[in-house]
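In: coordinates for the following, if possible.
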Amino acid sequence: MRFRLFVLLIVATWLSIWLGTGSALAEKRVALVIGNSAYKHVGRLANPANDAALVGGLFRKAGFDAVDVRVDLNVVDMRKALREFGGKAREADVAVIYYAGHGIELDGTNYLIPTDAALETDTDVLDEAFPLDRVLFAIEPAKQLRLVILDACRDNPFAKTMKRTVASRGIGRGLAKVEPTNPNTMIAFAAKAGSTASDGDTKNSPFATALVERLPTPGLDLRKAFGFVRDDVLKVTGSKQEPYVYGSLGGDDVSLVAAKPVVAGPQANPDAEVRRDYELALQLGTRDGWTAFLNRVPSGFYADLAKGQLNKIAAEETRAAAAERARQAEDEKARLATERAKKAEQEKAAATAKAAEDARLAAEKTKQIEEAKAAAAEQRRKEAEAAAAKVTADQQSSENEQKTAAVSPPPTQPSLSPQETTRLVQSELRRVGCLATSADGDWNTSSQRSLTLFNKYAGTTFDAKLASFEALDAIKAKPGWVCPLVCDRGFKADGDACVKIACRAGYRVNDDNECEKAQDKKPVVTREDTKKRDTERKQLEAAPTKPSASGQMICNNAGCRPVRPGCRIGTQKYGSATSMVGGGQAEVCD
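Out: The predicted structure is shown next:
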């Protein structure tokens, strides 16, 4: 009898480990999700209701025992929801409250605002809003983890119209810093204390999007998960919004989703099934096929490749639509010309046809770019899979040799040549945006600089002088871009490409890659060459004087004429040499 009980105990323990129902999954976890969008006395917020639906789905997929999603709650409904959730938290190990909507800070205290609040004066906040302490009170009974996530740091319209009854009363921008007093309590803000958060350009805020991407990672500690959320939001918002976490946890890892159990013995490649589905979707090549794949595999290396394929399909659809519009516009233009329509109608049709043709050319160019990106990504995938297959084969061969020799040496690195290793590291550095050159297998200065950049932005300390397998594994673990795009002078980053900076007339690009007004060139003052001037003067003085006409006229019986060069008018004497007598004027030439 005792032996049977012992066997049953062992079987139950093995099943709990095998099925992943360890202590983490045996915990009772509850969540309350609130999204307030339809405010009655200020403008409607676009995203909170959408964010609540998105985050609620996150908790359901994470296997929470109870997830209550509530939208557009007035003060009565909000009080009731917090009271009911407090009862659930008393029986739970993990309690989480997510709130999206307006919040306000008054004299250092944070308040969440229901949809029917008017807040005409500062004292109305005490009656019409809920202090953050009321939310913390609702989750306080939870036994192991208490988590509050506030996407409520938006620019508050109530603060602009609210009348202050006391002039010195402070109404802050965003929410105020908090310090939870209960242990194992964390409060995550969408933006750092004293700053505001962005709704973004899509139907979900950058903060909610990052939460759904990072928190469900199995086994990922919450502190590290929120660190990844911070990095994602900073990148999306251009470093304008920085999420922040207050509170502390113990030394053990605390994850929202338990880590997958490690099963001893040989295992199949976890990416093999994903790779097979990806290749099937690639053969199908349709939007529906890729959408179905992404629904199953929402993140990771193959998900990024699938998104690139979807971008290529979208670009082709846009190109086809633009080509059809251009054809129709050209047909309309030709019809009006044939029917000899009014000049204004023909000119309008010609302008429409030109605009449609420009749109077609732009769509064609976009399509070519997306096709090139998808082709490059496919090439990198094939190279990575081939290298991984070779590594796996080498590992299996090494394991077989070890078993044959009945020894257990420490694990060795895969037997790849230095050039192959270098090429793999370069290919991964290109994928995460740290290397702009091709993967040629030459670990030159450019490659070393790219690994240094990766160390800087990924927080690693790999030796940049060597392409190692440790660095390769760390780079592969990054699902998206790590290094910011760096462009040459005169160019700026636009998505994943560098485009030339265009300045308006009269402006030029300065050393900081900004357009500044071009300065008129000033005349350059030069010193006169006195030595050359003296030489020219001396040569002029030394030159013989050229004969020139005197400007005199001489007249005789034959008429008048100018005096010849070198001559002058003198007196002509008559008589002998000894007895000269006076005479008339004559031309005298010496």
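In: for the rest of this, base every contact and every neighbour count on C-alpha atoms.
Out: Noted.
In: biggest helix in this structure by residues?
Out: Ranked by residue count and defined by DSSP state H, the top helix of the chain is helix 343-405.
In: for that one, packing partners?
Out: Contacts defined by 3 or more CA pairs under 8 Å, 6 or more residues apart in numbering; DSSP states H and E place helix 343-405 against helix 301-338, helix 418-431.
In: kindly calculate the angle that it makes with helix 418-431.
Out: Calculated by axes from the mean of the first three to the mean of the last three CA atoms, to 10 degrees, helix 343-405 forms an angle of 140 degrees with helix 418-431.
In: for helix 343-405, the distance to its chain's centre please.
Out: Distance, stretch centre to chain centre, for helix 343-405: 20 Å (CA atoms, centre = their mean, to the nearest Å).
In: try stretch 275-295
Out: Averaging C-alpha positions (CA atoms, centre = their mean) puts stretch 275-295 27 Å from its chain's average.
In: mind listing residues that contact it?
Out: Tyr302, Ala303, Ala306, Lys307, Gln309, Leu310, Ile313 (CA atoms under 8 Å, 6 or more residues apart in numbering).
In: wait, the second one touches Arg296, no?
Out: If I follow you right, that is Ala303. No. Taking contacts as CA atoms under 8 Å, Ala303 lies outside contact range of Arg296: 9.3 Å.
In: looking at those two, which one has more neighbours?
Out: Neighbour tally, Ala303 and Arg296, criterion other CA atoms under 10 Å: the higher count belongs to Ala303, 20 against 12.
In: against Ile313, how distant is the more buried one?
Out: As defined by CA to CA, to the nearest Å, Ala303 lies at a distance of 15 Å from Ile313.
In: who's in contact with the residue nearest to Asp124 when sequence neighbours are not counted?
Out: By the measure of CA to CA, 6 or more residues apart in numbering, the closest residue to Asp124 outside its immediate chain neighbours is Ala118, 7.9 Å from it. If you count contacts by CA under 8 Å, 6+ apart, Ala118 has them with Lys40, His41, Asp124, Glu128, Phe158.
In: for the closest residue to Glu383 other than its chain neighbours, give me its contacts.
Out: Among residues not flanking Glu383 along the chain, Leu424 sits closest, at 7.9 Å (CA to CA, 6+ apart). Contacts were defined as CA under 8 Å, 6+ apart; by that measure Leu424 touches Glu383, Ala384, Ala387, Ala439, Leu472.
In: if we use 10 Å, what do you get?
Out: Leu424 makes contacts with 380, 383-384, 387-388, 418, 430, 439-441, 467-469, 472, 476, as judged by CA atoms under 10 Å, 6 or more residues apart in numbering.
In: low-confidence regions, the stretch 301-450 of the chain specifically.
Out: Within the stretch 301-450 of the chain, the stretches falling below the threshold (pLDDT under 70) are 399-416.
In: again, only using 50
Out: Low-confidence segments of the stretch 301-450 of the chain, defined by pLDDT under 50, are located at 407-414.
In: average pLDDT across the helix or strand where Val274 lies?
Out: Remark: Val274 resides in helix 272-284, with elements defined by DSSP states H and E. Average pLDDT, helix 272-284: 82.
In: going forward, begin numbering at 44 instead of 1
Out: Got it, the first residue is 44 from now on, which makes the last one we talked about helix 315-327.
In: and it, what's buried?
Out: By neighbour count on 16 or more other CA atoms under 10 Å, the buried set for helix 315-327 is Val317, Asp320, Tyr321, Ala324.
In: now do it: distance to the chain's middle.
Out: What separates the centre of helix 315-327 from the centre of its chain is 29 Å, taken as CA atoms, centre = their mean.
In: please apply the same query to stretch 376-390.
Out: For stretch 376-390 - counting by CA atoms, centre = their mean - the centre lies 47 Å from the chain centre.
In: C-alpha coordinates for stretch 426-442, CSV please?
Out: Once non-C-alpha atoms are left out, stretch 426-442 reads as follows in CSV (Å, rounded to 0.1, in the frame of the first residue of the first chain):
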residue,chain,number,x,y,z
GLU,A,426,22.6,31.7,-44.6
ALA,A,427,21.6,31.6,-40.9
GLU,A,428,19.7,28.3,-41.3
ALA,A,429,22.6,26.7,-43.2
ALA,A,430,25.0,27.8,-40.5
ALA,A,431,22.7,26.6,-37.8
ALA,A,432,22.3,23.2,-39.5
LYS,A,433,26.1,22.9,-39.8
VAL,A,434,26.5,23.8,-36.1
THR,A,435,23.9,21.2,-35.1
ALA,A,436,25.5,18.5,-37.2
ASP,A,437,28.9,19.3,-35.7
GLN,A,438,27.5,19.2,-32.2
GLN,A,439,25.9,15.9,-32.8
SER,A,440,29.1,14.5,-34.3
SER,A,441,31.0,15.8,-31.3
GLU,A,442,28.5,14.3,-28.9
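In: check which residues of that stretch are buried.
Out: With burial defined by 16+ other CA under 10 Å, the residues of stretch 426-442 counted as buried are Ala427, Ala430, Val434, Asp437, Gln438, Ser441.
In: what of stretch 160-173?
Out: Ala160, Ala161, Leu162, Asp165, Val168, Glu171, Ala172, Phe173.
In: for stretch 271-288, same thing?
Out: Buried residues in stretch 271-288, counting neighbours by 16+ other CA under 10 Å, are found at 271-278, 284-288.
In: circling back to that earlier point, in ChimeraX, how would I select the buried members of the contacts of Leu467?
Out: For the buried members of those, the matching ChimeraX selection, counting by 16+ other CA under 10 Å, is:
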select :423,427,430,473,482,484,510,511,512,515,519
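In: could you single out the nearest of the contacts of Leu467 to Thr578?
Out: Asp483 (65.3 Å; CA to CA).
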